[in-house]
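Undergrad: could you look at this predicted model? Sequence included:
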Amino acid sequence: MNNEPCLLIHCDTLVRTMLPSLRAEMVSRLVSERGLSQSEAARRLGVTRAAISQYVSRKRGVSEVQFSSEISAIIDRWALAVDTGESDINLCDVCKCAKKKFDRI
């Protein structure tokens, strides 16, 4: 990651436009690839099982966002963190990846 200063406008854009899709993808991977039940995923994330069901069925959090390989790797690390309880990522990592995409537009 680069060491440019974090600007609120980039984080705001990320939260509004990308985070719902990132979360939906993470939940989908958590259930389909890591084998967590929807109930267990809901418990770990502090949401209802119905919310997890909507993420998995792509009724919630889905947009036309294309994930770079770098963001896809962060989503995998996020799912691993939820599964194991150990994390080495934060929102700034995601935001910096997303900022690269916005800078190209």
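TA: Structure received. Not measured: the values here are computed from a predicted model.

Undergrad: what is the mean pLDDT for the longest helix belonging to the chain?
TA: Longest helix of the chain, by residue count under DSSP state H: helix 69-84. Confidence for helix 69-84, expressed as mean pLDDT, is 90.

Undergrad: buried residues in it?
TA: Across helix 69-84, burial judged by 16 or more other C-beta atoms under 10 Å covers I71, I74, I75, D76, R77, W78, A79, L80, V82, D83. C-betas here are computed from N, CA, C, even on glycine.

Undergrad: cool, stretch 46-53 as well?
TA: By 16+ other C-beta under 10 Å, the buried positions in stretch 46-53 come out as A51, I52, S53.

Undergrad: can I get those residues in JSON lines including distance to C97?
TA: Formatted as JSON lines, the buried residues of stretch 46-53 follow (distance: C-beta to C-beta, whole Å):
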{"residue": "A51", "distance to C97": "25"}
{"residue": "I52", "distance to C97": "25"}
{"residue": "S53", "distance to C97": "28"}
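
Undergrad: the helices in the protein, which residues?
TA: All helices of the chain, identified by DSSP H, fall at 8-13, 19-32, 38-45, 49-56, 69-84, 91-104.

Undergrad: who touches stretch 22-40?
TA: Residues outside stretch 22-40 that contact it (C-beta atoms under 8 Å, 6 or more residues apart in numbering): 41, 44-45, 49, 52-53, 55-56, 58, 60-62, 65, 67, 71, 75-76, 78-80, 82-83, 94.

Undergrad: where does pLDDT dip in this structure?
TA: Applying pLDDT under 70 to the chain flags residues 1-5, 65, 98-105.

Undergrad: point to the residue nearest the middle of it.
TA: Nearest to the geometric centre of the chain sits L22, at 3.1 Å (C-alpha atoms, centre = their mean).

Undergrad: look up how far C6 lies from that residue.
TA: 17 Å (C-beta to C-beta, to the nearest Å).

Undergrad: many thanks, I have nothing further to ask.
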